[in-house]
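> Requesting a structural model of the entry that follows:
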Amino acid sequence: MIFSRLFFLYLFFPICFLCYFATKKNAYRNTVLIVFSLLFYAWGEPSFLWLLVLSALVNYLFGRLLERFRDKGAGKLFLALALILNLGVLIGFKYTGFVLENINAAFSLSIPIPDLPLPLGISFYTFRIVSYLIDCAWGKVRAERNFFSFLLYVSLFPITVSGPIVRYETIQKELHGRTVTANDLSDGLGRIAAGLGKKVILADNLGVIVEQFLGNNIASQTTLGTWYGVVLYALQMYFDFSGYSDMAIGISRIFGFHLEENFRHPFLCKDITEFWQRWHISLGTFFRDYLLYVPIFGKRRKFGGLFLVWFCTGLWHGASWNYIIWGLYYGVFIFIETCIGKKRMKKIPAVIRHVLNKLIIVIGFGIFYCTGSISRLGSLFLAMAGQNGKGLFDAVLLTSVQNNLFLLIGALLCCFPLLELPKRWMAKSSGANLVLSVCGTVLAAALLVISSILLVDSTNTPFLYTKF
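You can find the predicted model right below:
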């Protein structure tokens, strides 16, 4: 099931909402959310619902064992077994074909490649579980005593399919008791409308243009046409994934869960390090907290840990060499910025820093786009460098810019925190707050109406990060 479908917006979610608020006891409300979460997951992936529930059961038991034997040899053994099991399942489903394909290519073998489907959301709920297990082993959280509360944490439908990667400690208290205020409802509905608008109005329409310029044969595209397509792909990815995150945060807020932000206007960054402090924050902090300082060959190695993090960041996104190259590509630039140092980085004029990091980011999205084969990535680089013999631009590019000018301007403007400045200016007086609240409500309603109209005749366009 997809958030940006009329069935979800006007049937599934309203019924869940009514059932949830029909009772006041937290245990009953949790039951409602568990039932609807499992139904939500089964709607998109019925054949792997058992895996989600079994993962919750096994890791609930592991959590109890890790707490009981913490700081003992048995505790370390249970943690190792739990990590091997969870990551082994993820690796088995996601990377078996990739590994065997490369073995066949390297050694001229013909090992059969199994066609394993990727369980929906497995990358996200596996990392949530792993963070819970490590925190239990480190004593940062107490192991969950109630299996159904833990099942809700693993399966909660706003975050199961495409994140964010919510830490157990973030919602531990709210699993056992929460209240929903009028502000929660208002802010939650506003975030849902904003996220839906990002997806339906911006990301989906940008995706049509990206497909036109990059989807067929990159080698036949002009230089500026290729750059145009890659820039719009970067914007499409941002609005698609941040739109999903907005909707996930908004839906969770309506049910009393307060999740942390996953995006903070990443294209406003002054350097690559800051970009990754603003983009997919839950993934970045996961690797920072659980992998960066892991001993390598018996010691904590600053730069070894850095490149391990970025190798894993790339590999997490998919079983394809372009993702690994993409991860290491960012690792190299963060390594360079680390060597330069924050003080010297600040001495570089802001304009130069902005231009350079935007160039690096756009090229990075080009690498991210080219799944399938290294030759496709090579074709992209040749086209971006103007070395494919197709010229600088053509009439197709000019026509696309003219026909989509308002979409392009709107997308660029929405990269900025347009609503945050008015909030700061108007927060000083109650009258201004009332005006802001009314304007926000009208804007949210308008986004919902426009998005709903666009969805009536649209094709099924899932969020891009569901495939990861």
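
> and the closest residue to Leu120 other than its chain neighbours, what are its phi and psi?
When the adjacent residues along the chain are set aside, Leu120 lies closest to Glu45, with 3.7 Å between them (CB to CB, 6 or more residues apart in numbering). Where you see a C-beta, it was placed from the backbone N, CA and C, and this is true even at glycine. Listed backbone geometry of Glu45 is phi -150, psi 70, with angles given as degrees, to the nearest 10.

> From Ile363, how far out is Glu45?
Between Glu45 and Ile363 the computed distance is 34 Å (CB to CB, to the nearest Å).

> can you pull the pLDDT of the closest residue to Leu291 other than its chain neighbours?
With CB to CB, 6+ apart as the measure, Val309 is the residue that lies nearest to Leu291, at 5.4 Å, once sequence neighbours are left out. According to the model's per-residue confidence, Val309 sits at a pLDDT of 94.

> can I assume Val309 is in contact with Phe286?
No. Applying CB atoms under 8 Å, one finds Val309 not in contact with Phe286, separated by 9.8 Å.

> what's the neighbour count on Glu1?
In this structure residue 1 is Met, not Glu. Other residues within reach of Met1, judged by other CB atoms under 10 Å, total 18.

> wait, what's in contact with it?
7-8, 12, 40, 43-44 (CB atoms under 8 Å, 6 or more residues apart in numbering).

> same thing with Phe40?
For Phe40, the contact set (CB under 8 Å, 6+ apart) comprises 1, 12, 157, 160.

> same question, Cys439
Going by CB under 8 Å, 6+ apart, the list of residues near Cys439 is empty.

> host element of it?
helix 430-456 (DSSP states H and E).

> Likewise for Lys270?
Assignment of secondary structure by DSSP H and E places Lys270 within no helix or strand.

> pretty sure it is in contact with Ile352, am I right?
No. Contact between Lys270 and Ile352 fails when scored by CB under 8 Å: they sit 10.1 Å apart.

> which of those two has more neighbours?
Set side by side, Lys270 and Ile352 give different neighbour counts by other CB under 10 Å, the larger being at Lys270 (15 against 9).

> Look up phi and psi at the more buried one.
Reported as degrees, to the nearest 10, the phi and psi values for Lys270 are phi -100, psi -10.

> Quick check: closest non-adjacent residue to it.
Closest residue to Lys270 in three dimensions, ignoring its sequence neighbours and counting by CB to CB, 6+ apart: Arg353, at 4.9 Å.

> Now do the buried residues in the one helix or strand that neighbour maps to.
Under the assignment given by DSSP H and E, the secondary-structure element containing Arg353 is helix 350-369. Of the residues in helix 350-369, 353, 357, 360-369 count as buried by neighbour count, 16 or more other CB atoms under 10 Å.

> for stretch 319-332, same thing?
By neighbour count, with 16+ other CB under 10 Å as the criterion, the buried positions of stretch 319-332 are 319-331.

> What are the boundaries of the helices in the stretch 51-200 of the chain?
Remark: helices of the stretch 51-200 of the chain, listed N- to C-terminal, are 73-107, 122-138, 147-155, 157-160, 168-176, 182-197; assignment by DSSP state H, counting those that start in this stretch.

> Run through the neighbouring helices and strands of the helix holding Arg353.
Using 3 or more CB pairs under 8 Å, 6 or more residues apart in numbering; DSSP states H and E as the contact test, the elements touching helix 350-369 are helix 223-254, helix 272-278, helix 321-340, helix 374-384.

> Of all these, which one is nearest Ser437?
Ranking the helices and strands packed on helix 350-369 by proximity to Ser437 (CB to CB) places helix 223-254 first, at 16.3 Å.

> so the closest one versus helix 182-197, what angle?
Our comparison of helix 223-254 with helix 182-197, counting by axes from the mean of the first three to the mean of the last three CA atoms, to 10 degrees, yields an angle of 160 degrees.

> From Gly389, how far off is the closest residue to Glu174 other than its chain neighbours?
Spatial nearest neighbour of Glu174, chain neighbours left out: Phe257 (5.2 Å); criterion: CB to CB, 6+ apart. From Phe257 over to Gly389 the distance is 55 Å, taken as CB to CB.

> Comparing these two, which residue is more hemmed in?
The neighbour comparison of Phe257 against Gly389 (other CB under 10 Å) goes to Phe257, with 25 against 9.

> The more buried one falls within a strand, correct?
No. With the criterion set as DSSP: H, G, I helix; E, B strand; the rest coil, the secondary structure at Phe257 is coil rather than a strand.

> wait, what's in contact with it?
Taking CB under 8 Å, 6+ apart as the criterion, Phe257 is in contact with 156, 171, 174, 178.

> And the nearest residue to the second one once chain neighbours are set aside, what's its pLDDT?
Leaving aside its sequence neighbours, Ile171 sits nearest to Phe257 (CB to CB, 6+ apart; 5.2 Å). Reported pLDDT at Phe257 in the predicted model: 97.

> State the distance from Phe257 to Asn26.
Where Asn26 is concerned, Phe257 sits at a distance of 12 Å (CB to CB).

> Give the residues shared as contacts by those two.
With CB under 8 Å, 6+ apart, Phe257 and Asn26 have common neighbours Arg178.

> For burial, what's the neighbour tally of Leu109?
Using other CB under 10 Å, the number of residues around Leu109 comes to 9.
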